[in-house]
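**Student:** got a structure for you, letters missing:
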């Protein structure tokens, strides 16, 4: 039979193990967010949508080795042009994978309203996600038509077969530390010249109506 002292030590050890297993999981998540540089945008503008990795621990940085996002948008209003790494964290690779196995990127960049993006940190150099958010890349879209709101979403999963959005920890190989996923909403308005023509046309109609009266 185990002595009281040994029982206490075993309980203490199990408690430490439980804390070791539970606490990192509670503070391990890295959230992914799309952030729009401005709103609204004119028709014809290159719309900038930044992808940010955000530590869910307000007081600490958390590292990652890779990010994979499944995303979608409405190609009626936005045409995906390219990625822009200006101001982003250093990465070994930031790209839309070519001919991916999940049938998401039919071309590069994808054009049909959904796609797959992948970021890889340098070997031995994981990237830190800050509480304020680390810029991973910027998606550039062309604004096509006016709309009060069109979304760009980070999806939990997508493709055929399905693949999930994932953030891989920078310390523990293969550990998925994906937190919350937040999309962005874009407002597009007619370009100034079009607004001027619409205003002029409205004024002419009003003048004619008053003339008939």
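**Tutor:** The structure has been received and is ready for your questions. Computed from a predicted model, the values in this text were never measured in an experiment.

**Student:** any idea how far stretch 138-149 is from the chain center?
**Tutor:** The chain centre lies 16 Å from the centre of stretch 138-149; the measure is CA atoms, centre = their mean, to the nearest Å.

**Student:** and that stretch, what's buried?
**Tutor:** 138, 139, 140, 141, 143, 144, 146, 147 (16 or more other CB atoms under 10 Å). Placement of C-beta: from N, CA and C, glycine included.

**Student:** and for it, what's in contact with it?
**Tutor:** 34, 37, 41-51, 73, 76-88, 117, 152, 185-190 (CB atoms under 8 Å, 6 or more residues apart in numbering).

**Student:** just the buried residues from those, in PyMOL please.
**Tutor:** The buried subset of the contacts of stretch 138-149, as determined by 16+ other CB under 10 Å, is captured in PyMOL by this line:
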select buried, resi 34+41+42+43+45+47+48+49+50+51+73+77+78+79+80+83+88+117+152+186+187+188+189
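
**Student:** the contacts of stretch 138-149 in strands, which ones?
**Tutor:** 34, 41-42, 46-51, 73, 78-84, 117, 152, 185-189 (DSSP state E).

**Student:** before we move on, the earlier item: turn the buried residues of stretch 138-149 into CSV, including distance to residue 131, secondary structure and pLDDT.
**Tutor:** Formatted as CSV, those follow (distance: CB to CB, whole Å; DSSP: H, G, I helix; E, B strand; the rest coil; pLDDT from 0 to 100):
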residue, distance to residue 131, secondary structure, pLDDT
138, 20, strand, 98
139, 23, strand, 98
140, 26, strand, 98
141, 28, strand, 98
143, 31, strand, 98
144, 35, coil, 98
146, 36, coil, 98
147, 33, strand, 98
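
**Student:** pull the most distant pair out of those.
**Tutor:** 138 and 146 (22.8 Å; CB to CB).

**Student:** partners of the closest residue in space to residue 73 that isn't next to it in sequence in the sheet?
**Tutor:** Using CB to CB, 6 or more residues apart in numbering and skipping the chain neighbours, the partner closest in space to residue 73 is residue 152 (4.6 Å). As for beta bridges, residue 152 partners with residue 73, residue 184 under DSSP bridges.

**Student:** residue 152 contacts residue 181, doesn't it?
**Tutor:** No - Residue 152 is beyond contact range of residue 181, at 11.7 Å (criterion: CB atoms under 8 Å).

**Student:** what mean pLDDT would you report for stretch 115-130?
**Tutor:** For stretch 115-130, mean pLDDT is 96.

**Student:** among the buried residues of stretch 138-149, which one sits closest to residue 174?
**Tutor:** Nearest member of the buried residues of stretch 138-149 to residue 174, counting by CB to CB, is residue 139, at 26.8 Å.
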